[in-house]
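Peer 1: Below are the sequence and a predicted model; questions follow.
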Amino acid sequence: MIHRRLIGFLLIVALAAIPAFAQQSDPSLLSLERLFTLEEFAGDSFKGERWVGGGAAYTMLEKSTTTKDKHDLVRYETESGKRSVLVSAERLISAGQSAQLDIENYAWSANGQKLLIFTNSKRVWRQNTRGDYWVLELATGKLTKLGGDAKPSTLMFAKFSPDGALAGYVRDNNLYVENLGSGKITRLTSDGSRTIINGTFDWVYEEELDLRDGWRWSPDGKSVAYWQLDAEGVRDFYLINDTDELYPKIIPVQYPKAGTTNSAGRVGVVSAEGGATRWLEVPGDPRNNYIARMNWAASSTELVLQQLNRLQNTNRVFIGDARSGQVKNILTDRDDAWLDIHGDDIEWIESGKRFIWVSEQDGWRHVYVMSRDGGSQKLITNGAFDVISVEGVDEAGGWLYYTASPENATQRYLYHVRLDGEGKPERVTPAGQAGTHTYNVSPLAGWAFHTYSTFTAPPRIELVRLPQHATARVLVENEALKEKLGKLRRCAVEFFRVVVADGVELDGWIIKPPNFDPSKKYPILFHVYGEPAGQTVVDRWGGPRSLWHQMLAQQGYLVASVDNRGTPAPRGRAWRKSIYRQIGSLSSQDQSAAARAICRRPYVDSSRVAIWGWSGGGEGSLSAIFRYPDVYGTAMAVAPVTDMRYYDTIYQERYMGLPQENAEDYKRCSPITYADQLKGNLLVVHGTGDDNVHYQNTEALINALVAANKPFTMMAYPNRSHGINEGTNTTRHVYELLTRYLREHVPPGPR
């Protein structure tokens, strides 16, 4: 028999072993269970909004009150708010089917009489872009599945023709057009294969140029323009799936690593009735140039294309004749570093005589109005500030709407300016609402869906009238989430600027523990990204990751983040382009200088400093602890790029140039080069099925650390992709791992 005192002793030991970050019943405390298992702080959303009639009405998806886990399609009159259910979930059952279709996405025909429904989707790289398409005739309720004998979940990017009589789509890398009256299917291309890709894109075009839907109806509906990629010569990277079957499954992914062969891209036009394709005669080697954007040039006879050279420092705009294939270069933009593609397509005004163009040619990201032939241009957003994005054009009223934040790079506001360039820009977002404001502006720019959030306040979505910004009604209030947040033991958040080398000021934020005592010293965790693809220091709602940071603060940590030079903050071209050929180098230099400055604050314990990040932030974490071991004692790197040569052509060459031309820069900027300088604690986390930042990166790092006899900890998640979120409990497990490692190596609490 076990003695009662021994039982008591064992119970005390067991209780002491339970980590402080385990389940909490206290509603004032955040926990991993509440964040990632119960998802208590998910909040409400606004789903599937579509403007109708230029903004006179809008449709959206609302949860069905009669059918579990399904949605009704609802219409609202914008002015009055009158609501009507256009398509109830009960209607979405076709002949021979027993369950309703789930609307994942949808589109209206131009006359509003037909609805195109996307459902049963499957993931293609990052997004679910392959699935089934159904057409619903509103008058009769008839449901028809597109694709004929196509296998389930094999159609992509279906679209109605302008007159609604036809639907086109991509299937197995070929383009098809289906007559919605007769059901006749016409195959427009027949050469589609694993290496000949029609109407969609390969991995790298999708990931780095944000191109997925690769075809366009002509305005008259008689022709189709489309991209074709020839991926012959692009080497396969092999992912190994060890867990789904008895024997490993090899998954080849066409993935061009920096300096290697790209797909060859071209654009052609084919009749909607079938026949030969007329290819546009775009100059230059198609394997060493990218057609980054393409659409019809406000007519059915001409196309407009944007062509980036391989270094992505020259963007040539061409007008192409759809009948002859001849093209004319109407505009060329250049930069000593790189050029970004702004927006989805060129926006035409004045019946196609002019178009909106965004350029950094004067040192700031500004909007210009260009003539169709490129012969004249007019700057319309003059001033020492960046336009973050163009939101809409009120051509009738003569206004351009755009997002900017001239005084504070961490915030976002709506402005408008005259299209003729006269007068000064005016702020449309009301004063006294510091934070981040985003807008979905109606086609005629009379209305907008306005979303407002801050670092500590979740999104509020409302319908506003423009340009007055008058609220017509609130669409999402998130009251339940706000109530939960209001019960939390709150952590103070401070936005600040910190001075580093040569007087450069970096934006940052810091979260402080509840009951913060400035006379004591606290450990600090830095969150880093640091590359041109993302900004971490923004005054907006950050969701579960931000709340995880607040959970750590509740446990006694300072949590901070700093945006180094080269991040895409609206602070001018020189700020953003300073990182050219210095990713990993300039970024870690700025980050470490900021960390040193912050550690001089009297309440920061410089002996307990950690850094963590994901993807580019994983690279940033490694560069920090390898290069500056005197600053950082612990690093947690998730899905890191360890050698710049291992990443893809479009991203890495955009910011680093070609490795054949500057191999030394690639070596100098790669964290693996400095692995032998590791002195502190290192955790490396990676998914073995990562098609983006390959697990190869972590394996190469392991070899380097082993060769240098450096101790470290690692966690491999079998068959998980870059987000490490597939499978039951995976996200919770990742954050529990990070939390546990941090607590073990950087003890929380003041001293």
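Peer 2: Noted; the coordinates are in hand.
Peer 1: mind checking how far the nearest residue in space to Asp386 that is not next to it in sequence is from Gly383?
Peer 2: Nearest residue to Asp386 in three dimensions, chain neighbours excluded: Pro570, at 3.7 Å (CB to CB, 6 or more residues apart in numbering). Quick note: C-beta positions are derived from backbone N, CA and C, even for glycine. As defined by CB to CB, to the nearest Å, Pro570 lies at a distance of 12 Å from Gly383.
Peer 1: between these two, which one's more packed in?
Peer 2: Per other CB atoms under 10 Å, whichever of Pro570 and Gly383 has more neighbours is Pro570, with 22 against 14.
Peer 1: quick one: what helix or strand has the more buried one in it?
Peer 2: Following DSSP states H and E, there is no helix or strand that holds Pro570.
Peer 1: what sits against it?
Peer 2: Going by CB atoms under 8 Å, 6 or more residues apart in numbering, Pro570 touches Arg365, Phe385, Asp386, Ile388, Ala404, Ser405, Pro406, Ala409.
Peer 1: The nearest residue to Ala139 once chain neighbours are set aside: neighbour count?
Peer 2: Spatial nearest neighbour of Ala139, excluding adjacent residues (CB to CB, 6+ apart): Gln113 at 6.5 Å. If you count neighbours by other CB under 10 Å, Gln113 ends up with 13.
Peer 1: I'd guessed Gln113 sits against Thr140; true?
Peer 2: No. Counting by CB atoms under 8 Å, Gln113 does not reach Thr140; the two are 10.0 Å apart.
Peer 1: So for whichever strand or helix holds Leu547, what gets flagged as buried?
Peer 2: Per DSSP H and E, Leu547 falls inside helix 543-554. Judged by neighbour count (16 or more other CB atoms under 10 Å), helix 543-554 contains these buried residues: Pro544, Ser546, Leu547, Trp548, His549, Gln550, Met551, Leu552, Ala553, Gln554.
Peer 1: What is the nearest of the residues you listed to Pro671?
Peer 2: Closest approach between the buried residues of helix 543-554 and Pro671, by CB to CB: His549, at 23.3 Å.
Peer 1: What's the separation between the closest one and Gly543?
Peer 2: 11 Å.
Peer 1: for stretch 102-115, which positions count as buried?
Peer 2: Asp102, Ile103, Glu104, Asn105, Tyr106, Trp108, Ser109, Lys114, Leu115.
Peer 1: how far is that stretch from where the chain is centred?
Peer 2: Here the centre of stretch 102-115 is set off from its chain's centre by 25 Å, with CA atoms, centre = their mean, to the nearest Å.
Peer 1: measure it end to end?
Peer 2: Its start and end residues considered, stretch 102-115 measures 13 Å (CA to CA, to the nearest Å).
Peer 1: Rounded mean pLDDT for that stretch, please.
Peer 2: Across stretch 102-115, pLDDT averages out at 95.
Peer 1: neighbours around Leu32, how many?
Peer 2: Neighbours of Leu32 (other CB under 10 Å): 24.
Peer 1: so how far is Thr730 from the closest residue in space to it that isn't next to it in sequence?
Peer 2: Spatial nearest neighbour of Leu32, excluding adjacent residues (CB to CB, 6+ apart): Glu736 at 5.3 Å. Noted for Glu736: a distance of 11 Å to Thr730, by CB to CB.
Peer 1: Name the residues that touch the helix holding Leu547?
Peer 2: Taking CB under 8 Å, 6+ apart as the rule, helix 543-554 contacts 21, 29-32, 35-36, 39, 41, 455, 488-489, 491, 511-514, 525, 527, 542, 559, 735, 739, 742, 748.
Peer 1: what's the answer for stretch 512-525, then?
Peer 2: Here stretch 512-525 has contacts from 489-494, 549, 552-560, 598-599, 602-605, 608-612, 742, 746-751, using CB under 8 Å, 6+ apart.
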